[in-house]
Every structure is written in structure tokens, then in C-alpha cells.
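Participant: sharing a sequence plus its predicted fold:
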Amino acid sequence: MGARVLIVDDAIFMRKMLGDILKKGGYEICSEAENGAMAVEKYLEHKPDLVTMDIIMPDMSGIDAVKEIMEKDRDAKIVMVSAMGHQSLVVEAIQAGAKDYVVKPFQPSRVLEAVQRVLKL
Amino acid sequence: MNGDRSQYIKLFKEEAGEYLDRLDEIVVKMEKDPTNDEIITEAFRIFHTLKGMAASLGYKEIESISHDLEERLEEIKKYGKGVDKGIIDRIFGEIDRLEYLVGKIGEEDREGLEERIQEGGPLFIKITLKKDIELPGARAAVIIKRIEEREEIEEIKPSFEEIKAGEMGDTFWVRCANAEGVREMLSTMDGIEEIRIEGEEKEKRVPKGGVGGIRVNVELLDYLQNVVGELVVSSSQLSVLLKDIEEEQNKRVLEAHNSSLKELQNIVTRIRLVPLSLIFNKFPRYVRDLSKELGREVSLDIYGSDIEVDRSLLEGISYPLIHLIRNAVSHGIEPPLVREKAGKVATGRITVSAKRAKGDILIEISDDGKGIDEKEVLLTALEKGWVREGEIDTLTKKEILRLLFLPGFTTLNTVSEVSGRGVGLDIVKDIVRSVGGSVNIKTEKNKGTTVSMKMPLSMSIIRVYLIESKGQIFALPMTFVDETIMIPEVTISQLMGKEIMLLRREILPVYRFSDIMKDYSNDKKSKAILPCVIVEIENERFALIVDNFKGSSDAVVKPLPLPLNTIKEYTGITIIGDGKPCLILDLPSFRYRRRYENKGA
């Protein structure tokens, strides 16, 4: 059984796309969340092996969600999914504890590479 | 001062980390055995130590968490009902928090970098990212974060702000220690084109001893030392086996071998040495803060901080020293007005001095404060039932001071950050003893108090004095041996059923080694002149009569194998000149054995 992933993104489209890529790569999607607050809740509920996290979302941003999750679980593995122009936000997320990132629009191979990298840590 | 701070921050981090590891272990045990007082006490002590350490560096949150936990454990101990599950969870949570806080230290505390760089350690690592990398700044941040998890980063070029804003090409620089290890770690990471180590500022001074500035795993050092110890032992056995060799050439080979080995042993000992300044340097700030808090005026003099001691010894004595300094400020030095009334200058003086004395190191902490009030000591001892009313007048000054070393002694009733409740000289004594040393106190009313700690420079090779009893050789650690004399049997007299003697106007109890060993074989042939070792341990001196002196020697201490290591009276074993094993006596334990026997009689 592949690792269990929680997908966090406010767009259903992105969640589906990421989900398809990851499922093809052999991972199990254990849950999805559409904002930061829900991400924290789902994380605690499912304890996934990995989280993909959008940055700009309503309610609670991806960065705050990273902070909250890291506070609850220092070993959480989070990959940020970010648009091209958001470098400083990605850096902030990494400082908060995110382990890696991918840039939208992405090649499926890039997503899988990042996920593998982080799961190996 | 800034430069020095980084040294002890490093030490603090390492030591606090060890304590927290230990706490994890203990609290697990506590959960299984919640009413075990010993476990609770150990956890209590560690939190207490952490509190003191954190206070000395001004880490407020670590200090307050430790203080709270210490207090909670104290309560639990008092009620004697054991620890309940909810509290265990809370303790674990707090330990995690402490671990986090300790881990974070140094990230903010970037002071004193210059000093570290001078040590020759940290180097710049040049990291070039792959050309096609998206958001190079973010990739750099990922890499930096990974390095940070492993080594303290000294400097980043361009600055982190610039990297964050994407104001960088495909190359950036990170300066940290253990550059080689970092390079190795990064070599498996994606997105990196090239990693190079750059030796900036190569002309920096080489540390004393000429070993250069590499970092070595301490466990490896311990291991190395142990192996060398084994070699020394087997080599001396070899020498005995081959001692009858006539052939000149063989003899020379053996001699060369032994002298190389001796040199190796020397080097290994030297590698492990660190200067006392590593902890001495914390004191000025600590005394300043503490005296301010307590409304005292104190000037501090420090001598001998360049003396080098074994690393493990330094770690061992760090807590006792801080504790003794705390005592000097809080219990020794009086408030300025009180001092003036007593005709003293308002500013109290505390002196910390270290000096080498033969194979030992002697550290003294003295203050010119009010001294220890013997009456108060006696009152506390009465309260605790350690002495009876009728005994009071028979106690000498030395005997009264000895009461201070009993477990749980404290004359202070208030609970504050400073007082330390009950965690007192007994623990200082235990710790110093665990590194093979002893503690002495001298005090004079209104003049001040001096506490001295004497211990061997290294715990693995110590100076010993060899004595013979009933044909067997024993080793006495030189730290406790004051002198050796020959005394006429007639100078020993009886006092209340105990043997005593007079030495330069001092009355000393006399113990016969063979009696302590309960070896009454082939009865004492009374000799007219007796070889006698004068032993000094914790404010107590006594004469130990042996059969023969065999001289002093360097001993490689090997721990006793199971189950012999459960016998408290021996610290270890060593091999003496003729290749025979010889037990090293733990004189403090022997003294107790003697005392209990006296009581039984």
C-alpha cells in the first residue's frame, strides 16, 4: 500500500488533478481539505503520511496551516503547491516547517519527485 | 564577552539535550512505577539542574517550565501518593516543549560567531542550483532548512531576505561547521548542480595543542580512550611475561612499544581536554544577574580558567559549580547595608579559583560573606533527628559542617528561584564524588565560607598510592591521600573504645586496613613502627594503618566486571607493575563501612 496523502487546495479542479497524479503514482488519497482550518482538522483526524498544501486559500492560509500542523506534529511532512510568483510565501512556508514545494502549473513527474523526496526524509 | 557566550551556549545545548533524553527515559519509568520515590527525585533534580542552567543564560521560558515541573514533582513527593497518568502526559508535553526550545537556541542566538570561526571550524559551502530549477529562492530555503536541522548555520550569502525575495542567481553560500558532513548530506538532494567547500580565512589561528579544529564525536573519543586503556593493560601483562628475555633486540622492541603506547595514551588524554573557561565564563553574567535580583553587590574574581580538564569532568562539575556560586551569592554575601553595619565594605567578594595540585585539580569557591551559622546547622539537624540534644556539645566544628553534606539538608525555608530547596551540598558532594573527588568546607563567622572541590584531572587515568595488606596490593586514589608517615605503635591511644592518634596537635581517628577488610588471618604481629596513610575526605581526616607502602603510580582505571561492580567499596581495577590486577579503593565508601561497624560494636 502506498503512503497516505492529504490534499489541501481551495479549487476542486486542483484537488482532482493532484489526486489523479498521486493515485497513478501509487499513493492513497486519505482525505481532502479546501482551506487551512479544515486541513488542520483533517490532518489530526487522518494522520496522513504526507500533505500537499496550497498557499492562498480562504479562511486560513496554507502557511498558517503549516504552522498549526507542525505545532501538533513536528514530524509532519508537507509539500507546498504554489503559483510561480509566490516565492517569498513558499520560503515562509518552508521556514514554518514545510519540507518541499512544487510550482503550478506542474508536470506530474515533478509532483511525484517532490513527494518521493519528502517521504524519504 | 559575546565571543565566549557562544561557547557555553553550545555546551548548554549539548548538556540540556542529554538531560532531556534522560528525562524521557525516567518519565517512562515513572509511568510504570508511579510511586517510586527515587525516580521522582531524579526527575526533580534534573528539572532543577535545567532550571539553574537556563537561568544562568537567561532562557526564561526553559527556566520557568523547569521550575514549574520541579515544583509539581516536589508536591507529588510530599503527598507520597505517586504520579497520576494525566500528570505524566503533561510532563511529556513539557519535555517536548523544552526540547523544542533547546533546539531553537542558537538559531536566534547568532552572537559570538567570530569566535567560532576563529576555532577553524565553520567554512563556506558554495551551492549551485540546477539551471532549470523553479523558484530558486525556495529551493535554497529547502536546502538551508535541511542544513539547519543538522548544523548551526553561521552565515548565508546572499542574505536570507534576498534569497526569500528571489534576489539571487543560481548560486548561494552557507557557512557552517562540519562542512564535509553537510556536503555529504546534500549530495543526495535533488536540484543541486554542484557543491563546493570554500576555505575562507585560512590563516586563522590553530588551537592550542596543534590538533587543528575538527569536531570529533565524543563517543568515539571515549571508545578510543577505552581501547588505549585495554592496550596499556595487555602491554603491561606482556612486559611481565617477557621480563626474563635475555635477547637485547627483543628488549628494545618491547621498550619501543611501551614508549609509543605511553605517548598514544598521552595524546588521547590531551585530545579530551577542554579549558575550564567553558564554564567559568558563564559566571560573571550569572553572578551579576543573581546579585541584582537579590539586591547584593558582588565582585567576582576568577583564576585559573585556562586550566584544561577532561571533557567529562567538565560536564560533571558544571552543575556543582553553579550551585556553589548560587549559594555564595544567596547565602554567603549579605545585603550591602548589613555588610556596612558589620564594618565590611558594601561590595562582597566571591573568588573562584582553579589550580593543579599534582594529578588533581583543586577548585575553590570562596566568599567574604557571613559564614555558615553553626547554630542554624545544628537546629536543622536536630529538627531532622540527625543529632540528639545531648550530642550537641560533643560535636566539633568540623563535625557540624559535615552535617551539611547529609541528604536533604537545607537551612533555608523560603522557596525561590535561588534557594533551591533541599537540593544542596549533598548533591554537589555526590556529583563530585562520582568523578572521583571530594568536597571540603571551611567557614568563619562574618569572614566567609570557602568550599573546595578536589578531583583527578581525568577519570580514566589517575594517580594512586599503592599499599600492601596481608600480602595483597591495593590502590588508593591520590586525591584522598594527604601524606604517608611511619608512626610508632605507642602513639596510638584509646578513646571511648576507639583508636586515635595525635598528629601535629590534631587528633585523628585511626583505622586499621586489615580490620576494615575483616581479614584477621595470621594475627597482627605488632610492629613497633607502623606505616600510616593520612586520608582526607570531606572535612574528615583519618589515619589508615597498612602493612607496607608500595609507592605511587599512574593507574589506568578499568571498571569492574559484573557482578563485582556492585561492590561499592571499589572504584575499579588496574594493573600494577608486576602485571597483577589490583583493586582501586573507593575511600569514601570505605570510611562509611568503618563508621557503621563502629556503631554496631
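Facilitator: All right, it came through fine. Residues are numbered from 1 along each chain as shown, chains lettered A, B, ... in the order given.
Participant: wait, isn't B:His48 in contact with B:Glu70?
Facilitator: Yes - if you go by CB atoms under 8 Å, B:His48 and B:Glu70 touch, sitting 5.1 Å apart. (Each C-beta comes from the backbone N, C-alpha and C, glycine too.)
Participant: shared neighbours of those two, which are they?
Facilitator: With contacts taken as CB atoms under 8 Å, 6 or more residues apart in numbering or on different chains, B:His48 and B:Glu70 have no neighbour in common.
Participant: and residue 83, how many residues sit next to it?
Facilitator: Since no chain was named, I'll use chain A. A total of 15 residues lie near A:Ala83 under the criterion other CB atoms under 10 Å in any protein chain shown.
Participant: oops, chain B please
Facilitator: If you count neighbours by other CB under 10 Å, B:Val83 ends up with 22.
Participant: which residues touch it?
Facilitator: Counting by CB under 8 Å, 6+ apart, B:Val83 makes contact with B:Met30, B:Glu31, B:Pro34, B:Thr35, B:Ile40, B:Ile76.
Participant: tell me if it really is in a helix.
Facilitator: No - in this structure, B:Val83 is coil, not part of a helix, as judged by DSSP: H, G, I helix; E, B strand; the rest coil.
Participant: nearest spatial neighbour of it, skipping sequence neighbours?
Facilitator: B:Pro34 (4.4 Å; CB to CB, 6 or more residues apart in numbering or on different chains).
Participant: quick one, phi psi at that neighbour?
Facilitator: phi -70, psi -10 (degrees, to the nearest 10).
Participant: go on, B:Trp173?
Facilitator: phi -120, psi 140.
Participant: pretty sure it is in contact with B:Ala140, am I right?
Facilitator: No - with contact defined as CB under 8 Å, B:Trp173 does not reach B:Ala140; the gap is 10.3 Å.
Participant: hmm, back to that, give the contact list for the residue nearest to B:Val83.
Facilitator: B:Gly82, B:Val83, B:Asp84, B:Ile88.
Participant: quick one: buried ones out of the residues you listed?
Facilitator: B:Val83 (16 or more other CB atoms under 10 Å in any protein chain shown).
Participant: tell me where chain A has strands.
Facilitator: Taking DSSP state E, the strands of chain A run over residues A:4-8, A:28-33, A:50-54, A:78-83, A:100-104.
Participant: ok, the closest residue to B:Ala528 other than its chain neighbours to B:Lys527 distance?
Facilitator: Spatial nearest neighbour of B:Ala528, excluding adjacent residues (CB to CB, 6+ apart): B:Glu489 at 5.7 Å. B:Glu489 sits 7 Å away from B:Lys527, going by CB to CB, to the nearest Å.
Participant: and B:Val218, by the same measure?
Facilitator: As judged by CB to CB, B:Val218 and B:Lys527 stand 50 Å apart.
Participant: next one: B:Thr128
Facilitator: Taking CB to CB as the criterion, B:Thr128 is separated from B:Lys527 by 83 Å.
Participant: check contacts around the residue nearest to B:Lys164 when sequence neighbours are not counted.
Facilitator: Closest residue to B:Lys164 apart from its sequence neighbours, by CB to CB, 6+ apart: A:Val91 at 4.3 Å. Shown in contact with A:Val91 (CB under 8 Å, 6+ apart): B:Gly137, B:Ala138, B:Ala141, B:Ile163, B:Lys164.
Participant: any idea which helix or strand comes after the strand or helix carrying the first one?
Facilitator: Mapping B:Gly137 onto the secondary structure by DSSP states H and E places it in helix B:136-148. Read in the C-terminal direction, the helix or strand following helix B:136-148 is strand B:153-157, with elements assigned using DSSP H and E.
Participant: hey, what's the most centrally placed residue in chain A bridged with?
Facilitator: The centroid of chain A falls nearest to A:Thr52 when counting by CA atoms, centre = their mean (1.3 Å). Beta bridges link A:Thr52 to A:Ile7, A:Val79, judged by DSSP bridges.
Participant: ok, it touching A:Lys77?
Facilitator: No - using CB under 8 Å, A:Thr52 is not in contact with A:Lys77; the gap is 10.1 Å.
Participant: least confident secondary structure element in chain B?
Facilitator: Lowest mean confidence among the helices and strands of chain B (mean pLDDT, DSSP states H and E): helix B:113-118, at a mean of 42.
Participant: give me the neighbour count for B:Ala179.
Facilitator: So B:Ala179, with other CB under 10 Å, has 22 neighbours.
Participant: how about the one 4 residues further on?
Facilitator: When neighbours are defined as other CB under 10 Å, B:Arg183 has 15 of them.
Participant: which ones are touching A:Ile55?
Facilitator: Counted by CB under 8 Å, 6+ apart, A:Ile55 has contacts A:Ser61, A:Gly62, A:Ile63, A:Met80, A:Val81, A:Ser82, A:Ala83, A:His86, A:Leu89, A:Val90, A:Ala93.
Participant: now with 6 Å?
Facilitator: Listed by CB atoms under 6 Å, 6 or more residues apart in numbering or on different chains, the contact partners of A:Ile55 are A:Gly62, A:Ser82, A:His86, A:Leu89.
Participant: from those, which has minimum pLDDT?
Facilitator: On pLDDT alone, A:His86 ranks lowest of the contacts of A:Ile55, at 81.
Participant: and the nearest residue to that one once chain neighbours are set aside, what pLDDT?
Facilitator: The shortest distance from A:His86 to any non-neighbouring residue, by CB to CB, 6+ apart, is to A:Ile55 (5.9 Å). Per-residue pLDDT puts A:Ile55 at 89.
Participant: would you list every one of the helices in chain A?
Facilitator: Along chain A, counting by DSSP state H, helices occupy A:12-24, A:36-46, A:62-72, A:87-96, A:108-120.
Participant: host element of B:Phe474?
Facilitator: For B:Phe474, the host element (DSSP H and E) is strand B:472-477.
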